[in-house]
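Asker: I would like the atomic coordinates for the input below:
(one chain, ligands or ions: 1)
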Amino acid sequence: MTIVGTIPRRCVNLPPGSLHTLISCSAGGRLQEGPAIEKFTRAFSDWLGVPHVFGAGSGRSAFQLALQALDLETGAEIIFPIFTFPVMPMVAKLLGYNPVFCEVDPVTFNSGPDHIEEKISDKTGAVLATHLFGQPCPIREITELTQGRQILLMEDCAHACGVRVDGRLVGTYADVGIFSFAEGKNMPCFGGGAIATADDNIAGRASEILSRAVMPEKGAVWKKALDIWLKWLLTRPEIFGLTVYPLLRLKLLMGQPLMDSTVGDELLESFAASNPQVEHLVNLQAEIGLRQLKRIDAFNQGARKNARILTESLSGVSDIGVPQAADGEHIYVYYPLTVTPDRRDALRRHLLEHGIDAKITDMSDCSLLRQFGGAENQANHRSGPTEASILEICVYPVIPERHIRRLGQIIQAWAQG
Ligand SMILES: Cc1ncc(COP(=O)(O)O)c(C=O)c1O
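Answerer: Have a look, this model is predicted:
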């Protein structure tokens, strides 16, 4: 069994010394409240170049904060890309808004102004432009569209922290930018999220909402941080090869599920049942965030370098789709490999047998989910990107280039075989 050169489905990108930060924050009574929160939000706002940043407990909590701060009329329509992380439109639905889905480009997975314009009505209150997988959407053109129509614009930068378009960071183009510091993203901070805005009115309302927001319990902060730190440890490629990887191979052999996350309808049911509230970013997360800001650009560069190597080795390989960089930078927070849906599981098995743990995506075609009218939408459904054709590959710089080259050869041989 291959244990050298294994690639985990996601490598948790914590900065060095994170366990020490956890222990010292805990010993000093600075897990929840503390001075780092103010320092981090100021540093993040300087880095982005926007006047206001507010921390939140997660990306979805940040989105809830943003939506509440926009103060749209109840029942207003919010336009989302049809192919996205379905919890985001669910947040809007739970707040009494009406999610409307626009098509996405089959190659970039992102929506552009034409897709969005098709769905604008007199009830449209806002648009959530999303930079999926680390690829920027045509944000300048979308901004022109929404400004011309006086519709509020938000940017989902959960996969795009550090992406620049024309030298300007995404999350700063819209009325509000939304960020996630969850473990599977490029800037994990033991969880957390943030919103950024240049609008003083939105900022005023966000600040007021946060003054009534929930502070996570100390035990919950500890538990989550420890869990993420353990995932960091187990996703160091060498440790992964000796621990989780053999377990996955055993599961594969026994025909058991491969530790996949809950997605689609099931994910939305459990999210709705959790009665989501806006939560605070905690001091521990802010301390990690301060350190992450110093390394995020170099980290993104490393992922792009690995992605380039993989793309070069797979271009022209029949039946395998590789991400096509469009406008601005792609930082490959996830590298979406595409293959026909009927062959995806075979490719995943083949890769796992050769030491590469590819991930089934958490993104969904939202129009087909029960919460968004699934069955009724079937009749008018246009075929587009589907979760069933995607395998996410981790190209984070912790994976040596030679292992990325080997991965390219393995996929090539499979496609030609
Ligand atoms: C595109 C997108 N937006 C938002 C989020 C929400 O972020 P969080 O998990 O921190 O709530 C996710 C999470 O996976 C996501 O993939």
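Asker: Burial check on residue 272, number of neighbours?
Answerer: 15 (other CB atoms under 10 Å). Every residue, glycine included, has its C-beta placed from N, CA and C.
Asker: Would you mind measuring from it to residue 361?
Answerer: Note on residue 272: its distance to residue 361, by CB to CB, to the nearest Å, is 21 Å.
Asker: now swap in residue 297 and tell me
Answerer: For residue 297, the distance to residue 361 equals 26 Å [CB to CB].
Asker: Settle it for me: which of those two has more neighbours?
Answerer: Neighbours were counted for residue 297 and for residue 361 using other CB under 10 Å; residue 361 has more, 23 against 13.
Asker: show me what contacts the more buried one?
Answerer: Contact analysis of residue 361 by CB atoms under 8 Å, 6 or more residues apart in numbering lists 263, 334, 336, 387, 390, 391, 392.
Asker: Show me those that map onto strands.
Answerer: 336, 390, 391, 392 (DSSP state E).
Asker: Out of those residues, give me the two with the largest separation.
Answerer: Greatest spacing in the ones in strands among the contacts of residue 361, by CB to CB: 336 and 391 (7.6 Å).
Asker: how near is the residue in the stretch 1-150 of the chain that the ligand sits nearest to to residue 195?
Answerer: Nearest residue of the stretch 1-150 of the chain to the ligand (CB to the nearest ligand atom) works out as residue 59 at 2.5 Å. From residue 59 across to residue 195, the span is 10 Å (CB to CB).
Asker: which residues do these two both contact?
Answerer: Common neighbours of residue 59 and residue 195 (CB under 8 Å, 6+ apart) are 178, 179.
Asker: neighbour-wise, which of the two wins?
Answerer: Higher neighbour count among residue 59 and residue 195: residue 195, with 30 against 27, using other CB under 10 Å.
Asker: What score does the more buried one have for pLDDT?
Answerer: pLDDT, residue 195: 99.
Asker: partner strands of the helix or strand where residue 128 lies, parallel or antiparallel?
Answerer: Using DSSP states H and E, residue 128 maps to strand 124-130. When sheet partners are counted by DSSP bridges, strand 124-130 sits next to strand 77-81 (parallel), strand 152-156 (parallel).
Asker: Can you dump the C-alpha atoms of that strand in PDB for me?
Answerer: Coordinates of each C-alpha in strand 124-130 appear next as PDB, following Å, rounded to 0.1, in the frame of the first residue of the first chain:
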ATOM      1  CA  THR A 124     -34.800  41.800  -6.200                       C
ATOM      2  CA  GLY A 125     -33.200  43.200  -3.100                       C
ATOM      3  CA  ALA A 126     -29.600  41.900  -3.400                       C
ATOM      4  CA  VAL A 127     -27.200  39.600  -5.300                       C
ATOM      5  CA  LEU A 128     -24.600  37.300  -3.800                       C
ATOM      6  CA  ALA A 129     -21.700  37.200  -6.200                       C
ATOM      7  CA  THR A 130     -19.600  34.100  -5.400                       C
END
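Asker: Show the average pLDDT along it.
Answerer: The predicted model assigns strand 124-130 a mean pLDDT of 98.
Asker: what's in contact with the helix or strand immediately after that strand in the chain?
Answerer: Using DSSP H and E, the helix or strand that follows strand 124-130 in sequence is helix 139-149. Here helix 139-149 makes contact (CB under 8 Å, 6+ apart) with 111-113, 116-117, 120, 124, 127, 129, 131, 152-153, 155, 165-166, 170, 173-174, 327.
Asker: that older thread, relative orientation of the strand holding residue 128 and helix 139-149 in degrees?
Answerer: With axes from the mean of the first three to the mean of the last three CA atoms, to 10 degrees defining the directions, strand 124-130 sits at 180 degrees from helix 139-149.
Asker: Check what contacts strand 124-130 and list those residues.
Answerer: 63, 67, 70, 72-73, 76-81, 84, 88, 97, 100, 110-111, 116, 137, 139, 142, 146, 149, 151-156, 174.
Asker: Please convert the buried members of these into PyMOL selection syntax.
Answerer: Selection of buried members from the contacts of strand 124-130 for PyMOL, criterion 16 or more other CB atoms under 10 Å:
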select buried, resi 63+67+70+72+76+77+78+79+80+81+84+88+97+100+110+111+116+137+139+142+146+151+152+153+154+155+156+174
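Asker: Out of the contacts of strand 124-130, which are close to the ligand?
Answerer: Subset of those in contact with the ligand: 84, 88, 156, counting by CB under 6 Å from any ligand atom.
Asker: Take these and lay them out in a markdown table including pLDDT.
Answerer: Output for these, formatted as a markdown table (pLDDT from 0 to 100):
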| residue | pLDDT |
| --- | --- |
| 84 | 98 |
| 88 | 98 |
| 156 | 99 |
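Asker: Three-state assignment for residue 44, please.
Answerer: Here residue 44 takes the helix state, with states given by DSSP: H, G, I helix; E, B strand; the rest coil.
Asker: Show the model's pLDDT score for it.
Answerer: 98.
Asker: Name all residues that make contact with it.
Answerer: Contacts of residue 44 (CB under 8 Å, 6+ apart): 53, 194, 196, 289, 293.
Asker: Now, those that are in strands?
Answerer: Assignment to strands by DSSP E places the following of the contacts of residue 44 there: 53, 194, 196.
Asker: Would you map the strands across the stretch 251-400 of the chain?
Answerer: 335-338, 359-360, 364-365, 390-393 (DSSP state E, counting those that start in this stretch).
Asker: Mean neighbour count and mean pLDDT for those - can I get that in a markdown table?
Answerer: Output for the strands of the stretch 251-400 of the chain, formatted as a markdown table (neighbours: other CB atoms under 10 Å; pLDDT from 0 to 100):
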| stretch | mean neighbour count | mean pLDDT |
| --- | --- | --- |
| strand 335-338 | 22 | 97 |
| strand 359-360 | 19 | 98 |
| strand 364-365 | 23 | 96 |
| strand 390-393 | 23 | 98 |
